[in-house]
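A.B. asks: please find the sequence and the predicted model below.
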There are 2 protein chains.
Amino acid sequence: MTGFKLFTVGPVACYPQVLEAMASQMFSHRSEEYRALHKETVELLREFLETEGEVFLFPSSGTGFMEASVRNCVKKKMLCAVCGSFGRRYAEVAKTNGREVEVLEVPLGEPITPDLLDEKLSKCPDVEAVAITHNETSVGLINPLKELAEVAKSHGKLVFVDAVSSMGGVEIRVDEWGLDICFSSSQKCFGIPPGLAVGAVSEEALKRAEEVPNRGWYFDLLRFRRYQERCETPMTPSIPQIKALNTILKLIDEWGGKHNYFDLYRRRNETIRNGVRALGLELFPRRGYESPTVSCIRAPEGVDGVRIYEEMRLKGFELAKGYGPLRHETFRIGNMGYIEFSDIQAMLEALEEVVSTLTGKAGGVT
Amino acid sequence: MTGFKLFTVGPVACYPQVLEAMASQMFSHRSEEYRALHKETVELLREFLETEGEVFLFPSSGTGFMEASVRNCVKKKMLCAVCGSFGRRYAEVAKTNGREVEVLEVPLGEPITPDLLDEKLSKCPDVEAVAITHNETSVGLINPLKELAEVAKSHGKLVFVDAVSSMGGVEIRVDEWGLDICFSSSQKCFGIPPGLAVGAVSEEALKRAEEVPNRGWYFDLLRFRRYQERCETPMTPSIPQIKALNTILKLIDEWGGKHNYFDLYRRRNETIRNGVRALGLELFPRRGYESPTVSCIRAPEGVDGVRIYEEMRLKGFELAKGYGPLRHETFRIGNMGYIEFSDIQAMLEALEEVVSTLTGKAGGVT
C-alpha cells in the first residue's frame, strides 16, 4: 500500500474484491479447477467483446500481444497508424521482429482519420495488416476505431487493435467492426493488477498464421488455439490475474452490465475534464477526440508538468506524468479502476491549490 | 481456494504471507515505489544466485526466458540436452524460432552426463550454446549442472539453464559455475503464484546479443538492460508477483537463509521418498539422480498412474499426473511451496490406502 489515491494510467487502483481474488490459494494449471476458471473467463470475455471468435489469455503485458500479431500474421510488411508513443511502439515491435513497416503519422494531439487511412492504404497496397491504437494513452486521445476498421477492411487488410487503455472502459464490438486481433492488458480499464494480456483473435487471423513461418513458441497463436480446446494455455498462465479478471467481469454484471460500467467511466471522465477546464486548463488532444479513460492536460504556461505531478504526490494523489516528448508540457489524469467520485472532488481541489501556487495566482511558493 | 493439500509440481501452495503480498493495492510501474521494489528484489536475487551479473524480471512464464535465450544469443545453431519433456520443449522453442538444433538425448530416467556432453560437443563444434535442463520436472530427475556447465565452457559455448523447478530449492552458483542464462519461474521453488519469470544473464550473453539481429521487442535482453539501469522494465511488470517474490526472499532470510531453505526441501523430499519406498514403490529416475523437488514414482504393476492421482484427489490431496509419455506409467509428488511435515505424513497415509486398494492388497474396490 502506498497510501496514495491513484489516478494513474495503469497499473490502476483495484477494487477490494479484486485484491481478495488475487490472494487466492493456488492450484495446478492442469487441474479441473483451472479449466473451469479458464472456460468461464473466456466466455465472459467473448460476451463482453461481442465476438464468436477466440479470446486468448497471455501471461504477458499487452505488448506481448503486439509481438504476437506481428509474428503470427505478417509475412513481410504492415502499416502502423501512429498518433503517439504507443503507436510508435507498435512500429518498433514490427521492425525489431524483422518486418517492413509503413507509417501513417499525425502530429501529436491529432487523431487518425478514416480519410487519412484510406489515402495511405491506396499508396501502399502491399501491406498485409493495419495496426491502430484505439486509445493512445500517451496523448489521451481516442481514435474512431469503428470507422478506421471499416476503411482497412475495404482495402482487404487484417486489422490489429491496441485496445490497452480502452477495452473494458468503452464499447468495442469485435465481430461487427471486423477486428482481427484486438488486445488489452489487465491493469487498465478492467482494474486488475498487471501480468495478464487478453485478446480477441479472428478466424481470418488464425488462417493467416498458418502461412507464416517462424512464429516462435511463446506467442504462437495456433499453439494457443490447440490448448484453448481443452481450456488451457501452452505455458503456465497467470492464475491470480485470471481469477481477478473473472471477479471483475462478474462484478460488472452485478453492477448492471458493461454499459453501466462504460457510463461510470464516462461520468468520472467528464467530472475530471470539467474540473480541469474550470481551473482554466486545456486538454491536449483535438476537441472531440479526448480519451474517455485518460485525460492529457496541458501544463499552464511556464509550469513543468512533472512539477504538477510531484506536488500532487505531496498531497497524496498519484496522477501520471506526461509521456515521451510531452513529459514536461503535459500531465495526465486517469479515471480507470477503483475511483470514487468523492476522491475525484478531493483530487480536483488539490489540483486547484497546486496550479494556483505554481502559477503564482494565489501567491505562495513557486 | 480448492481445499486440496497441494503436492503439485507448480503452481504450488503459497505461504499466507505470500498471498497477503499478492493482495497489495497497486501503484504505477513508473513510480518511486516500484523502482524501490524492483531494485531490492533484484539485489536479493543476485545474492541468492551468487551473481554479479544482471538478473531480469520478465512478465512471462519460464518458457518466455527460453525464447529470450534463443532469440538473443543464438544466430544459427545450438545444442539441446534432452532427458525429458522440458528439454524437448527447449529444442522446440529453438526450432520454432528458426534455429538449427543439435539434440543430445538420453532414455527417460537417465541423466545427461558430462562424458556424453563432452563427446557430443566434440562432434558438433559449430553450436553456439548448450541448453541444459537442471531439474527435469517431467521425470523427476536432476542433472549434474556444475559439471555439465564446466564441459560446455571448456568447449567455449554459452550455457543456458532451465532451472524452472530447481532455482530456489537447491544451490545454484551462477558465476562460479559459468552459467550465461539461468532462469526460473515464480510458481515452483519460490512458492509464489505464476506470472513472473526471473533469470540471471551474464555479460557474455549480453555481448552476444549485440551481434544477433531480429531479437524482437518483448524478450530483447538489451532493452531489459537499458531499463534495468533505472530499476524498471520495458513493459508493465507483474507487480504482485514481484512483491510476493520480495516477500518470500526476505522470509527465507528470516528463516535462517537459503541453505536452511534448501535443507527444508531436502528433508521434505527425503520424507516423501522414504515413504513411497516403504510402500514398495520405486522412483522412476536412475538412483542418485532423483530430483530434490519433484518425486516421479512408478505406478505399481497394472495400475494406471492417473488413477492414483484421481483417487488421491478424492482424499483431498492434489499430486501431479505423469507427464507426456509417462502419463500412465508414473505419478509425481512435488515438495515445493507451502507444505507442512504433518501434511506429508497425512498424504503418505492416504497414498498407502490408495495403493493398497488399487493393487488389491487390502481387498476393496478395484
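C.D. replies: Cool, got the structure. Everything numeric here is computed off the predicted structure, so don't read it as measured data.
A.B. asks: what bridges to A:T330?
C.D. replies: Note on A:T330: beta-bridge partners by DSSP bridges are A:R298.
A.B. asks: what number of residues lie near it?
C.D. replies: Around A:T330 there are 27 other residues, counting by other Cβ atoms under 10 Å in any protein chain shown. Yep, even glycine has a C-beta here, placed from its N, CA and C like the rest.
A.B. asks: and it, what pLDDT?
C.D. replies: As predicted, A:T330 sits at a pLDDT of 98.
A.B. asks: cool, A:M1 as well?
C.D. replies: What the model reports for A:M1 is a pLDDT of 47.
A.B. asks: could you do A:S24 as well?
C.D. replies: 97.
A.B. asks: now the nearest residue to it once chain neighbours are set aside: how far from A:P234?
C.D. replies: In this structure, A:S24 finds its nearest non-sequential neighbour in A:K243, 5.4 Å apart by Cβ to Cβ, 6 or more residues apart in numbering or on different chains. According to Cβ to Cβ, to the nearest Å, A:K243 stands 19 Å off from A:P234.
A.B. asks: in terms of neighbours, single out the busier of the two.
C.D. replies: Taking other Cβ under 10 Å, A:K243 and A:P234 do not tie; A:K243 has more neighbours (22 against 19).
A.B. asks: alpha carbons only: can I get the helix or strand where the more buried one lies in CSV?
C.D. replies: Secondary-structure assignment from DSSP states H and E places A:K243 in helix A:239-254. Output of helix A:239-254 as CSV, limited to C-alpha atoms (Å, rounded to 0.1, in the frame of the first residue of the first chain):
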residue,chain,number,x,y,z
ILE,A,239,-3.8,-17.7,-12.5
PRO,A,240,-4.2,-14.9,-9.9
GLN,A,241,-4.9,-12.3,-12.6
ILE,A,242,-7.3,-14.6,-14.4
LYS,A,243,-9.1,-15.1,-11.2
ALA,A,244,-9.2,-11.3,-10.6
LEU,A,245,-10.5,-10.8,-14.2
ASN,A,246,-13.2,-13.3,-13.6
THR,A,247,-14.1,-11.5,-10.5
ILE,A,248,-14.4,-8.0,-12.1
LEU,A,249,-16.3,-9.3,-15.1
LYS,A,250,-18.9,-10.8,-12.7
LEU,A,251,-19.0,-7.6,-10.6
ILE,A,252,-19.6,-5.6,-13.7
ASP,A,253,-22.6,-7.8,-14.4
GLU,A,254,-23.8,-7.4,-10.9
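A.B. asks: what helices and strands are in contact with that helix?
C.D. replies: Here helix A:239-254 touches helix A:16-22, helix A:32-48, helix A:258-278, helix B:239-254, going by 3 or more Cβ pairs under 8 Å, 6 or more residues apart in numbering or on different chains; DSSP states H and E.
A.B. asks: now it: buried residues?
C.D. replies: Buried residues in helix A:239-254, counted by 16 or more other Cβ atoms under 10 Å in any protein chain shown: A:239-249, A:252.
A.B. asks: adding pLDDT, write those out as TSV.
C.D. replies: Output for those, formatted as TSV (pLDDT from 0 to 100):
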residue	pLDDT
A:I239	98
A:P240	98
A:Q241	98
A:I242	98
A:K243	98
A:A244	98
A:L245	98
A:N246	98
A:T247	98
A:I248	98
A:L249	98
A:I252	98
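A.B. asks: one step back: most packed of the helices and strands packed on helix A:239-254?
C.D. replies: Of the helices and strands packed on helix A:239-254, the one with the most neighbours on average (mean count of other Cβ atoms under 10 Å in any protein chain shown) is helix B:239-254, at a mean of 22.
A.B. asks: for A:V74, find the nearest of the helices and strands packed on helix A:239-254.
C.D. replies: Each of the helices and strands packed on helix A:239-254 has some distance to A:V74 by Cβ to Cβ; the shortest is helix A:32-48, at 24.5 Å.
A.B. asks: near chain B, which residues of the stretch 1-150 of chain A?
C.D. replies: Applying Cβ under 8 Å from any Cβ of the partner chain, one finds that the stretch 1-150 of chain A approaches chain B through A:1-2, A:4, A:6, A:8-14, A:19-20, A:22-31, A:33, A:59-64, A:66-67, A:71, A:89, A:92-93, A:96-98.
A.B. asks: ok, now with 7 Å
C.D. replies: Residues of the stretch 1-150 of chain A lying close to chain B by Cβ under 7 Å from any Cβ of the partner chain are A:1-2, A:8, A:10-14, A:19-20, A:22-29, A:31, A:33, A:59-61, A:63-64, A:67, A:92-93, A:96-98.
A.B. asks: just the buried residues of those.
C.D. replies: A:2, A:8, A:10-14, A:19, A:22-29, A:31, A:33, A:59-61, A:63-64, A:67, A:92-93, A:96-97.
A.B. asks: any stretches of the stretch 151-300 of chain A with poor pLDDT?
C.D. replies: Nowhere does the stretch 151-300 of chain A drop to pLDDT under 70.
A.B. asks: can you give me the helices for it?
C.D. replies: A:174-177, A:203-209, A:221-228, A:239-254, A:258-278 (DSSP state H, counting those that start in this stretch).
A.B. asks: right, and the ones you listed - which one's nearest B:N143?
C.D. replies: helix A:221-228 (26.6 Å).
A.B. asks: with just CA atoms, put the closest one into CSV.
C.D. replies: Provided in CSV are the C-alpha atoms of helix A:221-228 (Å, rounded to 0.1, in the frame of the first residue of the first chain):
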residue,chain,number,x,y,z
LEU,A,221,-1.5,-18.3,-31.8
LEU,A,222,-2.0,-21.7,-33.3
ARG,A,223,-0.5,-23.3,-30.2
PHE,A,224,-2.8,-21.2,-28.1
ARG,A,225,-5.8,-22.4,-30.1
ARG,A,226,-4.8,-26.1,-29.6
TYR,A,227,-4.7,-25.6,-25.9
GLN,A,228,-7.8,-23.5,-25.8
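A.B. asks: what is that helix packed up against?
C.D. replies: For helix A:221-228, the packing partners by 3 or more Cβ pairs under 7 Å, 6 or more residues apart in numbering or on different chains; DSSP states H and E come out as strand A:54-58, helix A:203-209.
A.B. asks: what's in contact with the longest one?
C.D. replies: Put plainly, it is helix A:203-209. The contact list for helix A:203-209, computed with Cβ atoms under 7 Å, 6 or more residues apart in numbering or on different chains, reads A:53, A:72-73, A:158, A:180-181, A:215, A:221-222, A:225.
A.B. asks: which of these ranks first by neighbour count?
C.D. replies: A:I181 (30 neighbours).
A.B. asks: one step back: tabulate the helices and strands packed on helix A:239-254 in TSV, adding columns for distance to A:G195.
C.D. replies: Shown next, in TSV, are the helices and strands packed on helix A:239-254 (distance: least, Cβ to Cβ, whole Å):
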stretch	distance to A:G195
helix A:16-22	10
helix A:32-48	14
helix A:258-278	22
helix B:239-254	6
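A.B. asks: hmm, back to that, tell me the one of the contacts of helix A:203-209 nearest chain B?
C.D. replies: Chain B has its nearest neighbour among the contacts of helix A:203-209 in A:R215, at 6.5 Å by Cβ to the nearest Cβ.
A.B. asks: got a list of what the closest one touches?
C.D. replies: When contacts are counted by Cβ under 7 Å, 6+ apart, A:R215 touches A:71-72, A:209, B:96.
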